[in-house]
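J.: Give me a 3D structure for the following:
(chains A and B)
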Amino acid sequence: MSGVRLALRAALPARADLAALFAGAWAGLGAAELAARSVTVGGESLVAGELFDVTGSADGTARLEGDLRLADRVGRELAEGTLVVDGPLGHEAGAGMTGGRLEVIGSVGDAAGTGMAGGTLVVRGRAGHRAGAALPGRKKGMTGGELVVFGDVGDEAGAQMRRGLLAVGGSTGAAPGFAMLAGTLVVLGACGTDPGLLSKRGSIVALGPVTPPPTYRHACTAPFAVLRLVLLRLRDRAGLPVRPEQVAGTYRRYSGDFAESGKGEILAWVAP
Amino acid sequence: MRIRGVLIEETFAEAFTMRVARVVITARSPRWAREAALKMTGFATSVIGCKCEAGIERELGEHETPDGRPGVAILFMVMARDDLPKRLIERIGQTVLTCPTTACFDGLPAAPDRLKVGSALRMFGDGFQASKVVGGERFWRVPVMEGEFLVQETFGMQKGVGGGNFLILARDPDAALAAAEAAVDAMQGMPGIILPFPGGVVRSGSKVGSRISKTMIASTNDAYCPTLRAVTRSALPDEVNSVLEIVVNGVDAPSIAASMRAGIGAACREGVVQISAGNYGGKLGPHHFHLRTIMGEA
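T.: The predicted model follows:
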């Protein structure tokens, strides 16, 4: 990838807020323009060029390099372009994204992809709590887009999701899909306790161990054509290790949460 | 112009602009995909009597379908754009939704005109239906006794071409049928076309209007009926005793031309005297497929 390269000059001394770096229209900006964008470190305002060596030319892509685990809100409200982060990130990575693609070749902190409305966020490592959930003070979590985490996620992944697809290659913490309004959460590993608690219409697809809450009822065991679409997409587009027998397999369908409307579901793969 | 001794008449096939959708039906096995496709494309030979024209474009392998199952691609055509969603809803609702294990997808994803087909069929779910958005496309999950019927919310519509044709003029019925079968074998499965008539062949080519009825919009093409040679203005050479027509519809004119080239080439065989084509003097249809031009490109 050519494009603009932002290499961290020195370890961050305090938490940094990089929300403005790729907000709005940025894909047409070259190194000088991106270097002039504002960031904050420890509450102090700087320009990006003071933190990063910024090189390259505009082609709709950018690459961030260095240990950015203290860098929060990278790609917040990202709307365009492709941003690759070669290393870990802090909290709220890709929060509020509406378009474009953010790929993190590392792990991220809490609240990754919270409130996403579009675009694609890929995390090659782990994600913290409330991935794809609602932004603080908001009623709805993801309302669109795709969030793919190859590793484990923390608690309340996909909480209050309204639309969109959240896929977890590893296992989840407690209460995945808590109070989902709709949308799809796919978990390749083990689902944490109380999956789909208080879900209204969401779908949780469990390819690994899962224990539905007592407020769910078993409906049937059957193949589901829609799962073929979802799982093939995750395998072929995202590269998640979905197995053929999972694509073609049968699933136990549990309806719930009957503490709510009961229109949600947990689809648990039945290993042959 | 002659091909293997068969005269290629200097004439053209006159075809019309139609509206086309491509419907992809998948199922657990090729058998059930084909069952649904055959039902959906049944009684769909001509808009004159069937309100639509449809046929199987080709069978699809597992790697070619959205859900990774065996499938069949259908081209479905009407004259007026407003008719297409109505006919699709009727046919998919009665023949695909009802067929075990099937799912139904749009095969023209790039077409900007979108028809609300799945969003109408979802109502069969009586409020129990649910939708899923996958890759930016919405699909409806309609609960049925077998499990779930999955149908895409919208189907693409684009302009197509209907009524490409050629006539096989032969010395006897056996030669005409053998040539027609060879033509169909050469054309079937070519991309972007269908042969909507039985086995791809028409024995009852028609002319516009009627001599004896003001209400009939089409009647037998007496100029090409061997039995009427003595009582009408016949277009048939003396040695011709049987005529069969191949009608081809497609997504665009080049697809039709390519299939006609293959079909005519295969039909030029022993017992065939001449290849002709049906037209209306060029005044009705905007697409003219000149036989010699088509075959000259071969």
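
J.: For chain A, which segments are assigned as helices?
T.: Counting by DSSP state H, chain A has helices at residues A:31-35, A:48-51, A:225-233, A:244-247.

J.: I'd guessed residue A:25 sits against residue A:81; true?
T.: No. Contact criterion C-beta atoms under 8 Å: residue A:25 and residue A:81 do not qualify, at 9.1 Å. The way it works is simple: take the backbone N, C-alpha and C, and place the C-beta from them, glycine included.

J.: More neighbours: which of the two?
T.: Higher neighbour count among residue A:25 and residue A:81: residue A:81, with 24 against 10, using other C-beta atoms under 10 Å in any protein chain shown.

J.: tell me the most buried of the helices of chain A?
T.: helix A:225-233 (a mean of 23; mean count of other C-beta atoms under 10 Å in any protein chain shown).

J.: looking only at pLDDT, what's the mean for that helix?
T.: Mean per-residue pLDDT for helix A:225-233: 97.

J.: cool, and stretch B:149-157?
T.: pLDDT averaged over stretch B:149-157 gives 98.

J.: roughly how far is that stretch from the heart of the chain?
T.: Centroid separation for stretch B:149-157 versus its chain: 20 Å, with C-alpha atoms, centre = their mean, to the nearest Å.

J.: Any idea how far apart the tips of that stretch sit?
T.: Counting by C-alpha to C-alpha, to the nearest Å, you get 22 Å between the two ends of stretch B:149-157.

J.: mind showing which ranges of the stretch 101-250 of chain B have poor pLDDT?
T.: Nowhere does the stretch 101-250 of chain B drop to pLDDT under 70.

J.: ok, 90 please
T.: Scanning the stretch 101-250 of chain B for pLDDT under 90 picks out B:208, B:217.

J.: Repeat that for the stretch 101-250 of chain A.
T.: Counting by pLDDT under 90, the stretch 101-250 of chain A shows low-confidence ranges at A:136.

J.: Now do the residue lying closest to residue A:164 once chain neighbours are set aside: how many residues are near it, please.
T.: In space, and not counting its chain neighbours, residue A:164 is closest to residue A:142: 4.0 Å by C-beta to C-beta, 6 or more residues apart in numbering or on different chains. Neighbours of residue A:142 under the rule other C-beta under 10 Å: 34.

J.: Quick check, residue A:142 in contact with residue A:113.
T.: Yes. If you go by C-beta under 8 Å, residue A:142 and residue A:113 touch, sitting 6.5 Å apart.

J.: Using just helix, strand and coil, how would you label residue B:34?
T.: Following DSSP: H, G, I helix; E, B strand; the rest coil, residue B:34 is assigned to helix.

J.: quick one, strands of the stretch 151-272 of chain A?
T.: A:163-168, A:184-187, A:203-206, A:217-222, A:251-256, A:264-269 (DSSP state E, counting those that start in this stretch).

J.: picking that back up, so which of the helices of chain A is nearest chain B?
T.: Closest of the helices of chain A to chain B is helix A:225-233, at 4.0 Å (criterion: C-beta to the nearest C-beta).

J.: Who is the residue lying closest to residue A:217 once chain neighbours are set aside paired with across the strands?
T.: Closest residue to residue A:217 in three dimensions, ignoring its sequence neighbours and counting by C-beta to C-beta, 6+ apart: residue A:255, at 5.5 Å. Note on residue A:255: beta-bridge partners by DSSP bridges are residue A:217, residue A:265.

J.: where along the stretch 151-298 of chain B do the helices fall?
T.: Assigned by DSSP state H, counting those that start in this stretch, the stretch 151-298 of chain B shows helices spanning B:173-187, B:253-267, B:291-296.

J.: Contact residues of chain B facing chain A?
T.: B:26, B:66-69, B:103, B:130, B:132-135, B:139, B:141, B:147-148, B:150 (C-beta under 8 Å from any C-beta of the partner chain).

J.: My guess is residue B:102 contacts residue B:23. True?
T.: No. Taking C-beta under 8 Å as the definition, residue B:102 is not a contact partner of residue B:23, at 10.9 Å.

J.: Spit out the residues that contact those two alike.
T.: residue B:96 (C-beta atoms under 8 Å, 6 or more residues apart in numbering or on different chains).

J.: Write a PyMOL command that selects only the buried members of the residues of chain B next to chain A.
T.: Here is the PyMOL selection string for the buried members of the residues of chain B next to chain A, based on 16 or more other C-beta atoms under 10 Å in any protein chain shown:
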select buried, chain B and resi 26+66+67+68+69+103+130+132+133+134+139+141+147+148+150
